[in-house]
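Asker: everything below, folded, please.
(2 chains, ligands or ions: 1)
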Amino acid sequence: MERLYIDAAAIDFPAVSVIRSRLAGVPVEILDGPSAVFRCVEAASDPIAAGKRVLYLAVNRGRFLRPCPGTRNYHCCGYQILHVGAFCTMDCAYCILQAYFHPAVLTFFVNHEDLFTELSQTLAERPANVRRLGTGEFTDSLIWEPLSDLNARLVSLFGAQDHAALELKSKSTAVDRLLGLPHNRKTILAFSVNTGAAIRENERRTAPLEARLAAAEKSAAHGFPLAFHFDPMILYPGCEAEYEEVARAIFRRVPQDSVAWVSLGTFRFMPDLKPIVARRFPASKIPYGEFIPGADGKMRYYKPLRTALFTRVAAAIREAAPSVTVYFCMEDDAVWREALGFSPDEKGGLARILDEAASRVCGISI
Amino acid sequence: MILPLKNIRLSLVDTGDETFRVSDPAGASLLAESIRAVGLLNPVVLQENGKGGYRIVSGFRRIAALRSLGWDEIPSRVATAEADFDGLAFLAVSENAASRPLSIMEESRAVALLGPGRPWEERTKLAEKALRLAANPRHLERLESLSRLPAFIREAISSEAVAFAMALTLGRLPEDDARVLAELFSILKLSLSKQRELLDISTDISKRDEVALREVLAGPAIAAILEESGGDRGLAARRVREHLKRRRFPHLSAAEENFSRNAAELRLPQGAAWEPPPFFEGEQHTLSIRVKSRAELAARKDLVASLLENPALSRILP
Ligand code: SF4
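Answerer: Here you go, the predicted structure:
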């Protein structure tokens, strides 16, 4: 970390002093609003890399809870995003956040009392559409572990109720500080997985697959429910067998009844991302696949190619772990039917399928 | 800048010294005709080169024309060897700009002459005065960079085979790749958007397959297309594009070709069309029927029934 920027409005929050003490030695600058951070990051030769080397502590003045922005044409999982911060210290070629924020700056919200007030109120109301929540949409959930106790507080809060599950999603292995907490199986530790080749070519500073699986195994041994996300799956010659092997490797390490779900999603991206990947990851071939514009405006692999990969990997998962819920992230009926043999609508919709999986594995009441 | 008027022997003028050249080399023969008819109206501007001869400041085309007409001497305004470079450059640019609309390469050379090495804000003011146009520094910087591009790109600009923006893009490519593209663009005479599409698609193939761009574009398949198109640029452009698209999107292209074959077998009547979902992504197909009258509509009343009998339909809608 090269510099810690603290918004003047954030300076008195307790989380700030914790982070300052854990980043002792990192130069600190107090600012009035984010403009100066943005200017400094934008002036760098690689603003995206620069945005990962600084940390901006700010107050979130909007809502912390937001529904996942699905689109009409594809089945959406009905997940709720808990917006704790933005961007990431790891560096994946396909990371949509590179093009999503202008500019992208590693940001952490420190008004945790506001977050917990909003979250507690919402959980107390027990709305039917807030059964699965997660922090891994605009950032990686576990990169904040060395800096903040937020995850620990969240795990304890969810452990004290019985109708919603928290999903902490990561490509890191930073689970150790969470293992002894009273999670009551209401926190799912989720790991994004990929093939060795895809990780080497496209994921800088993430943990190797083997290390992620070891962290998952350790988490399961401490009673945590798990999830695995094959996302983004990348098509390259021979990838099918490698993804099948990843599926088998997972279930050699963890018992299937500890796994809430496994999601499959192929690489999809806003067109703006392509020149960024070409510039920042010249060795990566991911932008040059056979992509077509999807109904949500994102580029995605030509459908029969996605479906063929899904079919093989879903079959491998079912063979290794027949009881585990497998789902597709943002796919339509035709893909579901062909790769899994049913449409989510036949089972009450994707959100319902996942709520039931959370009920089974995490014990939430639905 | 006031310069004395003298008659200078043409043999003393060093036409190889292009320090102050703004004008494109072409155009001297037309000018020769006009000088033959009405004589030389304006004296050229020369500068002593310190070696007993002269370099041209303004009048490259006039001097070429006079040489072709066999003149020995030329009325000239002559600057000393010590004369201020910036003043002469300004004079060269403003004389050219006043005499005719400049081509893009002439503008580029003009900008390169005005205040080289000074900040772009300052150079922009000079350019606005000398070229009598409103300009912005970023545009002028890009314009100037054209004059430093390899000769084959500058020629492609002059012959209007590539536009300003594409020339800059070619200038950033390895020279051998840029040369192949410039040649192809010169043959196909594509619009800028089509050039961009062709470049994007071939760049993707080259990166995906780890081959040089020139190998994507100068392979035997493209050579055969150019040969077989027999000089029909539109046909050649379409077929080159189709060829590259098939390489870039092999599965999608095969599906499109398959669909076209099956759709042809539907033998839809005039005014009816079958559209698959865009890129075969969604599930909705569209059958459209255009009619101008009730009678035309009545004539189509059995269309759906006959389509349902057609075996090609089950390949389109399984
Ligand atoms: S781990 Fe996730 S958030 Fe971080 S760079 Fe990779 S894709 Fe982006």
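Asker: so the one residue in the stretch 101-250 of chain A that gets nearest to chain B: helix, strand or coil?
Answerer: Residue of the stretch 101-250 of chain A nearest chain B, by C-beta to the nearest C-beta: A:Y236 (9.8 Å). Placement of C-beta: from N, CA and C, glycine included. Three-state call for A:Y236 (DSSP: H, G, I helix; E, B strand; the rest coil): coil.
Asker: return the distance of it relative to A:T266.
Answerer: As for A:Y236, its distance to A:T266 is 12 Å (criterion: C-beta to C-beta, to the nearest Å).
Asker: swap in B:H285?
Answerer: Going from B:H285 to A:T266 by C-beta to C-beta gives 24 Å.
Asker: what about these two, which has more around it?
Answerer: Shown here are B:H285 and A:T266; by other C-beta atoms under 10 Å in any protein chain shown, A:T266 has more neighbours (25 against 13).
Asker: does that one touch A:M233 like I think?
Answerer: Yes - with contact defined as C-beta atoms under 8 Å, A:T266 reaches A:M233; the gap is 4.7 Å.
Asker: tell me which residue in chain B sits closest to the ligand.
Answerer: Going by C-beta to the nearest ligand atom, the ligand is nearest to B:K207 of chain B, at 21.4 Å.
Asker: where does that residue fall, secondary structure wise?
Answerer: Using DSSP states H and E, the element containing B:K207 is helix B:192-209.
Asker: for that helix, which helices and strands make contact with it?
Answerer: Packing partners of helix B:192-209 (3 or more C-beta pairs under 8 Å, 6 or more residues apart in numbering or on different chains; DSSP states H and E): helix B:164-172, helix B:175-188, helix B:213-217, helix B:233-248.
Asker: can you tell me the average pLDDT over that helix?
Answerer: Within the predicted structure, the mean pLDDT of helix B:192-209 is 96.
Asker: contact residues of chain A facing chain B?
Answerer: With C-beta under 8 Å from any C-beta of the partner chain as the criterion, chain A meets chain B at residues A:73, A:278, A:285, A:287-290, A:292-295, A:300, A:302-305, A:332-334.
Asker: which of these count as buried?
Answerer: Buried residues within those, counting neighbours by 16 or more other C-beta atoms under 10 Å in any protein chain shown: A:73, A:278, A:285, A:287-290, A:292, A:294-295, A:300, A:302-303, A:305, A:332-333.
Asker: pull up the distance across stretch B:95-111, start to finish.
Answerer: By C-alpha to C-alpha, to the nearest Å, the extent of stretch B:95-111 from end to end equals 14 Å.
Asker: re the thing from before, tell me, how many neighbours does the residue of chain B closest to the ligand end up with?
Answerer: Applying other C-beta under 10 Å, we find 18 residues neighbouring B:K207.
Asker: count the neighbours of the residue of the stretch 51-200 of chain B found nearest chain A for me.
Answerer: Among the residues of the stretch 51-200 of chain B, B:D200 lies closest to chain A, at 9.5 Å counting by C-beta to the nearest C-beta. Here the number of neighbours of B:D200 (other C-beta under 10 Å) works out to 13.
Asker: who's in contact with the spatially closest residue to B:L31 that is not a sequence neighbour?
Answerer: Distances taken as C-beta to C-beta, 6 or more residues apart in numbering or on different chains put B:A65 closest to B:L31, at 4.2 Å, once the chain neighbours are dropped. Contacts for B:A65 (C-beta atoms under 8 Å, 6 or more residues apart in numbering or on different chains) come out as B:28-29, B:31-32, B:35.
Asker: next, the angle from the helix holding B:K207 to helix B:233-248.
Answerer: On the basis of axes from the mean of the first three to the mean of the last three C-alpha atoms, to 10 degrees, helix B:192-209 is oriented at 30 degrees to helix B:233-248.
Asker: can you list which of the buried ones among the residues of chain A next to chain B are found in helices?
Answerer: Residues of those located in helices (DSSP state H): A:278, A:303, A:305, A:333.
Asker: I figured the first one hits A:Y288, correct?
Answerer: So the one you mean is A:A278. No - using C-beta under 8 Å, A:A278 is not in contact with A:Y288; the gap is 9.0 Å.
Asker: now for those two: what residues contact both?
Answerer: Listed as contacting both A:A278 and A:Y288 by C-beta under 8 Å, 6+ apart are B:K207.
Asker: for chain B, list the residues in contact with chain A, please.
Answerer: Residues of chain B lying close to chain A (C-beta under 8 Å from any C-beta) are B:204-205, B:207-208, B:248-252, B:255, B:278-283.
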